[in-house]
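K.L.:
The sequence isn't on hand, but the structure is:
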């Protein structure tokens, strides 16, 4: 069950988040069909990337986003396990400009570790969806 109680708020939040994710996927040159959204707390999204990293040739790459940590680059773990986080975008913005996400992913692909961080940033506490709705609006 979604943690967004008010159906109007849930609709506007979902629409705003999907708009943001559409901007990110468009900037990445892929379609929104590569993305899934989970509105449970913490709200999160998953974007499948259509290439692999040279250092992990047998593993799919994905970007994940959640309302607490922002963006992270991941690879699939295999055997039904969760993904393995390679790096977090970091910073203090949970909804950064899509161009920042593109630069982060490009740096990861180039094996450039100047962007991102290994530990999850605590950008915000999950659950204040009104604040996120204002930012997505």
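P.N.:
Nice, I can see it. This one's a predicted model, so the numbers in the text were calculated from it and none came from an experiment.
K.L.:
Could you pull out the strands in this structure for me?
P.N.:
Taking DSSP state E as the criterion, the chain contains strands spanning 35-38, 44-48, 61-66, 70-75, 84-88.
K.L.:
how about CSV for these, with distance to residue 18 added?
P.N.:
To be clear about C-beta, it is placed using only N, CA and C from the backbone, and glycine gets the same treatment. Formatted as CSV, these follow (distance: least, C-beta to C-beta, whole Å):
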stretch, distance to residue 18
strand 35-38, 7
strand 44-48, 9
strand 61-66, 12
strand 70-75, 16
strand 84-88, 22
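K.L.:
Now the residue nearest to the spatial centre of the chain: closest residue in space that isn't a chain neighbour?
P.N.:
By C-alpha atoms, centre = their mean, the chain has its centre lying nearest to residue 65, at 2.2 Å. Distances taken as C-beta to C-beta, 6 or more residues apart in numbering place residue 45 nearest to residue 65, at 4.5 Å, with adjacent residues excluded.
K.L.:
Where is the longest helix in this protein?
P.N.:
What stands out as the longest helix in the chain, according to DSSP state H, is helix 7-28.
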